[in-house]
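Novice: the amino acid sequence is not available; the structure is as follows:
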């Protein structure tokens with residue numbers, strides 16, 4: 001699996017893996033050149049209540065500060081094999097206020113989507129079978145009272161996934177995440193982790 005590293009622009013900088021702090025460290029991870037290769041624990045997940053009735057907060061996320069008027073991007077490829085294998089980007093204030101967005105295998109097909117959690121989780125997704133085994137980039141932009149989530153495959157166009165409420169001034173962190181509720185051993189290669197200024201408008205292409 002090879003991930004193409006985005007070129008920093010407009011004040012964007014690459015985040016060193018050592019700058020992040022693990023929320024639930026994975027059973028295995030190592031640096032391979034510029035990439036970070038992560039192996040998930042069995043049964044790991046992030047979810048609160050809705051439809052399933054349980055609370056899970058034991059997925060793996062490598063987080064760094066995300067202040068107001070800033071944005072974060074994560075690029076990855078993943079070896080999706082089992083239902084609910086997932087990887088992408090997490091933005092988090094605490095265990096009851098967080099967003100995860102990225103790619104996930106469900107109903108036998110890779111989907112792109114987001115879970116917005118404010119005490120309870122709210123899930124939206126769309127099938128993207130053509131994204132399977134290809135690099136995916138997820139971007140979260142924090143401006144005013146909103147968090148805007150976009151994603152794209154390789155060098156394709158950005159897709160707007162979600163605009164979620166996220167109040168200014170809330171202490172927040174963000175970075176790559178992955179988990180595998182149905183098994184152990186999901187292998188994810190993170191090849192990009194950048195931070196920079198927020199998007200200039202809701203519909204602008206970053």
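Specialist: All right, it came through fine. Every value quoted in this text rests on a predicted model; they were computed, and no experiment measured them.
Novice: got the end-to-end distance for stretch 72-89?
Specialist: 9 Å (Cα to Cα, to the nearest Å).
Novice: repeat that for stretch 33-51.
Specialist: Termini of stretch 33-51 sit 41 Å apart (Cα to Cα).
Novice: list the buried residues for it?
Specialist: Of the residues in stretch 33-51, 35-41, 44-48 count as buried by neighbour count, 16 or more other Cβ atoms under 10 Å. For every residue, glycine as well, the C-beta is placed using N, CA and C.
Novice: from those, pick the one nearest residue 19.
Specialist: Closest approach between the buried residues of stretch 33-51 and residue 19, by Cβ to Cβ: residue 36, at 11.7 Å.
Novice: can you give me every residue that contacts the closest one?
Specialist: Applying Cβ atoms under 8 Å, 6 or more residues apart in numbering to residue 36 gives the contacts 17, 29-30, 62, 176, 189-190, 193.
Novice: now do the helices in the chain.
Specialist: Assigned helices in the chain: none (criterion: DSSP state H).
Novice: who's sitting farthest from the centroid in it?
Specialist: Largest separation from the mean C-alpha position in the chain: residue 53, at 23.2 Å (Cα atoms, centre = their mean).
Novice: and the closest residue to residue 202 other than its chain neighbours, how many neighbours does it have?
Specialist: Among residues not flanking residue 202 along the chain, residue 148 sits closest, at 6.3 Å (Cβ to Cβ, 6 or more residues apart in numbering). The local packing of residue 148 (other Cβ atoms under 10 Å) involves 23 other residues.
Novice: what residues does stretch 10-29 touch?
Specialist: Stretch 10-29 is contacted from outside by 5-6, 8, 31, 36-41, 44, 57-64, 73, 92, 173, 175-176, 178, 184, 192-197, using Cβ under 8 Å, 6+ apart.
Novice: got the contact list for the spatially most central residue of the chain?
Specialist: By Cα atoms, centre = their mean, the chain has its centre lying nearest to residue 89, at 1.2 Å. For residue 89, the contact set (Cβ under 8 Å, 6+ apart) comprises 72-74, 100-102, 138-140, 149, 174-177.
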